[in-house]
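Participant: This is a predicted model, with the sequence first.
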Amino acid sequence: MGNSTIADHIRHILVIGSGGREHALAWALAQSPVVQRVVVAPGNAGTAAGAAHGRDKTINVPIPADDIPALVRFAREQRVGLAVIGPEAPLAAGIVDAFHEAGLRVFGPTRAAAQLEASKAFAKAFMQERGIPTAHYAAFADYAAARAHLQSKTQNPKSEMVVKADGLAAGKGVIVCDDIEQALAALKQIMLDREFGAAGDTVIIEERLSGPELSVLAFSDGRTVAPMPPARDHKRVFDRDQGPNTGGMGAFSPVPGIDDDLLAEVTRTVLQPAIDGMAARGAPYAGVLYAGLMLTDNGPKVLEFNCRFGDPETQVILPLLDQTSPGAASLAEIMLACAEGRLAEVAPRIRWRSGACATVVMAAPGYPGAYPKGLPISGLDIAGALQNVMVFHAGTTLQNNRVVTAGGRVLAVSGLGVDLPAALQRAYAGVACIHFDGAHYRRDIGQLTIEQLTIERLSD
């Protein structure tokens, strides 16, 4: 395909979603000189404010991410060259299939391929079938059978395990248990109390793995895999990994101590087998494949697959993508190549900056439980003016031309630096500029990794 044709297809891009991930995607896509307009549906105050102030190419349209017919109709009428799907729910609902049927280019997996995230039971069975390393597990659609399975382990009441809702639960359907009593409570919470709704119709009970966690995301066109720099996120709401799981309170990339050999091992044992396995099933996987891993004493094992960019991993990975060096592929070019099955020809031009990026999530008071909305936010312009600091909006909206909170995770403040400590210093400098009532954020993002590296250096 000639360059002029490629340019035509990425001139107008539609990003679907409203969170920090989608703001980061729109921000990165807009950096290509070929891209003239990035429309975000429905977007947030961040994707709207840039256009309002003339600083970038983004605009919002008030179409919900789950209104698939309206999104397809908009893309067709507005001659969108490429649609990029942000959140998991539309993928599981078949939005990519609908775009394909309309003859439109789209970046993301089909409904059949997105089962890798939409159903943990499917993913576990698939991994077992393809020899992809993961924890031993059992799946149950019946509460009594699941309870009996747990009670059969009472000879070792200190058994550590993980109880998971099978379906999509906004990143919160995983309960890590220290003993059988906690596991029984988690089972009741998911299957009887219905805390995660229909996502808990089936549960997965699996062994609890130990070791550091790692997120490895990769571009794919259904055949070729191009991994991105590994990232590490922080799920627990409070410092030192205390409190309930969240959608993510912060992240950093790359991860110190993770070398090219380990990334090659993950590609060989996890990413490529998953892509090959889905192709063999007649459901080629195109888009981003996200492997959440545990680095155990027996090698990397998959905790879960996600079928889209992570949040907040996107906010630390995309700022590291080099789109300005001569010959470097832009994010828009990479995504179009994935959508058209041409990743092999573009992959050699995917380049990553040296240094590190870290992000700190500012959450509403009460998150991940009930939280207020409509809290005015100040200091955004001050933070955004800092060198190598990016403020990505997540749960925000405009109210009387003022930015206010509209979600649990409100902002992700990212910083770039020569190394992880420098990146964290910039991110926290940005956080210090911003205020809204009751704002909560973790003050230890990346600190455990830095402490471990310090200990390792002292012991050498």
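Facilitator: Sure, I can see it. Since the structure is predicted, the reported quantities are computational estimates derived from the model, not experimental observations.

Participant: Count the residues that sit near residue 417.
Facilitator: Look at residue 417: counted by other Cβ atoms under 10 Å, it has 17 neighbours. Every residue, glycine included, has its C-beta placed from N, CA and C.

Participant: wait, what's in contact with it?
Facilitator: By Cβ atoms under 8 Å, 6 or more residues apart in numbering, the contact set of residue 417 is 355, 356, 357, 358, 388, 423, 424, 425, 426.

Participant: Repeat the analysis, applying 6 Å as the threshold.
Facilitator: Residue 417 is in contact with 355, 356, 423, 426, counting by Cβ atoms under 6 Å, 6 or more residues apart in numbering.

Participant: Leaving out the residues flanking it, which one is nearest to it?
Facilitator: Of all residues not flanking residue 417 in the chain, residue 423 sits nearest, at 3.6 Å (Cβ to Cβ, 6 or more residues apart in numbering).

Participant: List the buried residues in the helix or strand where that neighbour lies.
Facilitator: Taking DSSP states H and E as the criterion, residue 423 maps to helix 420-433. Buried residues in helix 420-433, counted by 16 or more other Cβ atoms under 10 Å: 420, 422, 423, 424, 426, 427, 428, 429, 430, 431, 433.

Participant: Next, format the contacts of residue 417 as a markdown table and append distance to residue 310.
Facilitator: A markdown table is the format used below for those (distance: Cβ to Cβ, whole Å):
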| residue | distance to residue 310 |
| --- | --- |
| 355 | 20 |
| 356 | 17 |
| 423 | 17 |
| 426 | 21 |
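
Participant: How about the secondary structure of the nearest residue to residue 209 once chain neighbours are set aside?
Facilitator: Nearest residue to residue 209 in three dimensions, chain neighbours excluded: residue 294, at 4.3 Å (Cβ to Cβ, 6+ apart). Residue 294 falls in the strand class when you classify it by DSSP: H, G, I helix; E, B strand; the rest coil.

Participant: For the remainder of this discussion, apply numbering that starts at 317.
Facilitator: Yep, numbering from 317; the last one is residue 610 now.

Participant: I'd say residue 610 and residue 526 touch.
Facilitator: No: here residue 610 does not reach residue 526: they are 7.3 Å apart, not a contact under Cβ atoms under 6 Å.

Participant: And the helix or strand harbouring residue 534, what does it pack against?
Facilitator: According to DSSP H and E, residue 534 maps onto strand 529-537. In terms of contacts (3 or more Cβ pairs under 6 Å, 6 or more residues apart in numbering; DSSP states H and E), strand 529-537 is packed against strand 541-543, strand 602-612, helix 647-655.

Participant: out of the ones you listed, deepest packed?
Facilitator: Using mean count of other Cβ atoms under 10 Å, the stretch among those with the greatest mean number of neighbours is helix 647-655 (a mean of 25).

Participant: could I get it in PDB with only the CA atoms?
Facilitator: C-alpha atoms of helix 647-655 as PDB (Å, rounded to 0.1, in the frame of the first residue of the first chain):
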ATOM      1  CA  LEU A 647       1.100   5.000  16.700                       C
ATOM      2  CA  ALA A 648      -1.400   5.700  13.900                       C
ATOM      3  CA  GLU A 649       0.700   3.800  11.400                       C
ATOM      4  CA  ILE A 650       1.200   0.900  13.800                       C
ATOM      5  CA  MET A 651      -2.500   0.600  14.500                       C
ATOM      6  CA  LEU A 652      -3.500   0.700  10.800                       C
ATOM      7  CA  ALA A 653      -0.900  -2.000  10.000                       C
ATOM      8  CA  CYS A 654      -2.400  -4.200  12.700                       C
ATOM      9  CA  ALA A 655      -5.900  -3.600  11.300                       C
END
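
Participant: in the stretch 417-566 of the chain, which spans are strands?
Facilitator: Assigned by DSSP state E, counting those that start in this stretch, the strands in the stretch 417-566 of the chain fall at 422-423, 453-456, 477-481, 490-493, 519-523, 529-537, 541-543, 548-549, 552-554, 558-561, 566-569.

Participant: got CSV for these, with mean pLDDT and distance to residue 507 too?
Facilitator: Supplementary listing: the strands of the stretch 417-566 of the chain in CSV, determined by pLDDT from 0 to 100; distance: least, Cβ to Cβ, whole Å:
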stretch, mean pLDDT, distance to residue 507
strand 422-423, 98, 35
strand 453-456, 94, 8
strand 477-481, 93, 9
strand 490-493, 88, 12
strand 519-523, 94, 6
strand 529-537, 97, 26
strand 541-543, 98, 36
strand 548-549, 96, 27
strand 552-554, 95, 24
strand 558-561, 88, 18
strand 566-569, 98, 31
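
Participant: contacting residues for the closest residue to residue 663 other than its chain neighbours?
Facilitator: Spatially, and ignoring its direct neighbours in sequence, residue 663 is nearest to residue 542 (4.5 Å; Cβ to Cβ, 6+ apart). Counting by Cβ under 6 Å, 6+ apart, residue 542 makes contact with 534, 535, 663, 666.

Participant: these two touch, right, the last one and residue 645?
Facilitator: This points to residue 666. Yes: under the criterion of Cβ under 6 Å, residue 666 makes contact with residue 645 at 5.3 Å.

Participant: Check which helix or strand the most centrally placed residue in the chain maps to.
Facilitator: Residue closest to the average C-alpha location in the chain (Cα atoms, centre = their mean): residue 626, at 0.6 Å. Per DSSP H and E, residue 626 falls between elements, in no helix or strand.

Participant: for it, phi and psi?
Facilitator: Residue 626 adopts backbone torsions of phi -80, psi 160, taken as degrees, to the nearest 10.

Participant: For residue 336, see how far away it is.
Facilitator: Taking Cβ to Cβ, to the nearest Å as the measure, residue 626 falls 10 Å from residue 336.

Participant: do residue 692 as well
Facilitator: To residue 336, residue 692 is 19 Å away according to Cβ to Cβ.

Participant: Between these two, tell me which one has more neighbours.
Facilitator: residue 336 (32 against 13).

Participant: and that one, what pLDDT?
Facilitator: On pLDDT, residue 336 comes in at 97.

Participant: Residue 343 versus the residue lying closest to it once chain neighbours are set aside, what's the distance?
Facilitator: Counting by Cβ to Cβ, 6+ apart, the nearest residue to residue 336 once its immediate chain neighbours are dropped is residue 710, at 3.6 Å. Relative to residue 343, residue 710 is positioned 13 Å away (Cβ to Cβ).

Participant: So what's the gap between the host helix or strand of residue 719 and the chain middle?
Facilitator: For residue 719, the element it lies in under DSSP H and E is strand 718-721. Using Cα atoms, centre = their mean, to the nearest Å, the mean C-alpha position of strand 718-721 is found 24 Å from that of the whole chain.

Participant: mean confidence for it?
Facilitator: The average pLDDT within strand 718-721 is 97.

Participant: Run through who's touching that strand.
Facilitator: Under Cβ under 6 Å, 6+ apart, the answer for strand 718-721 is 361, 680, 689, 690, 691, 692, 693, 712, 752.

Participant: The fifth one is in contact with residue 754, isn't it?
Facilitator: Think residue 691. No: at 7.3 Å, residue 691 does not count as touching residue 754 under the criterion of Cβ under 6 Å.
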